[in-house]
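Asker: Based on what follows, work out the 3D shape:
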Amino acid sequence: MFTGLFTFTRSVTTQAVSRSGRRAAFAALALTLSGCGDLLVFPVEAEVEEFTVPGNPYLHHDGAPIQQDSVPPVELSLNGAMPPGKVALSHLEFFLTQTAIEPQDDQDDLAFLTGVDVYMQPLDAASGLPALKIAEWAGPAEAGADSVTLNVTERYDLTQYLHVGFRLDIRTRGVVPYDDVSLRGIAHFEVNPI
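Answerer: Now for the predicted structure:
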């Protein structure tokens, strides 16, 4: 919290300033200085494009572990310009899609998963930005589960990653699914413009 003594002087100008405008400006200044800038935080979502986790009934029945890199790296795009300030991931969700459900009686679920870790990698290796573990989920998933919500490991300021571009490396734990399972996701970010 910021403490200190401030003296506000009033200068006379030919341009009139409304009393409510001064109050709003003073309130914003007071919130900013008191550390309450979090009131200005707003959410932004980015879609994680659909991907498929390859399955195999023989490996599934043998309990073969799923390859950590069974999901290809995913690039995210936050549409529109991001305002200056801090951008942090609040949570990440993955859920089943209908693409890999064949034949009609196929009942895909996420019970094959026991854990997921997500790392953020800058697209420009010369940027000097490190890979960050940004989210994790520890299962196992229940039978019939069609979605998982990953917890954020730490609220990193990801602004520099947004400027250079980034990809998500999704590392899975569990057993090979019985058949192909298709998923997509949503990354939920919080933007603080101050």
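Asker: Run a quick neighbour tally on the closest residue to G144 other than its chain neighbours.
Answerer: In space, not counting the residues next to it along the chain, G144 is nearest to D109; the distance is 5.1 Å by C-beta to C-beta, 6 or more residues apart in numbering. Placement of C-beta: from N, CA and C, glycine included. Neighbour count for D109, taken as other C-beta atoms under 10 Å: 17.
Asker: And A131, by the same measure?
Answerer: 11.
Asker: thought it was touching D117?
Answerer: No - here A131 does not reach D117: they are 11.3 Å apart, not a contact under C-beta atoms under 8 Å.
Asker: and for these two, which residues touch both?
Answerer: Contact criterion C-beta atoms under 8 Å, 6 or more residues apart in numbering; residues shared by A131 and D117: none found.
Asker: So which elements touch whichever strand or helix holds D117?
Answerer: For D117, the host element (DSSP states H and E) is strand 113-122. Applying 3 or more C-beta pairs under 8 Å, 6 or more residues apart in numbering; DSSP states H and E, one finds that strand 113-122 contacts strand 132-138, strand 147-152, helix 159-164, strand 166-174.
Asker: In terms of helices and strands, where is Y156?
Answerer: Judged by DSSP H and E, Y156 forms part of no helix or strand.
Asker: swap in D179?
Answerer: Here D179 is assigned to no helix or strand, by DSSP H and E.
Asker: so it makes contact with P57?
Answerer: Yes - counting by C-beta under 8 Å, D179 touches P57, with 6.7 Å between them.
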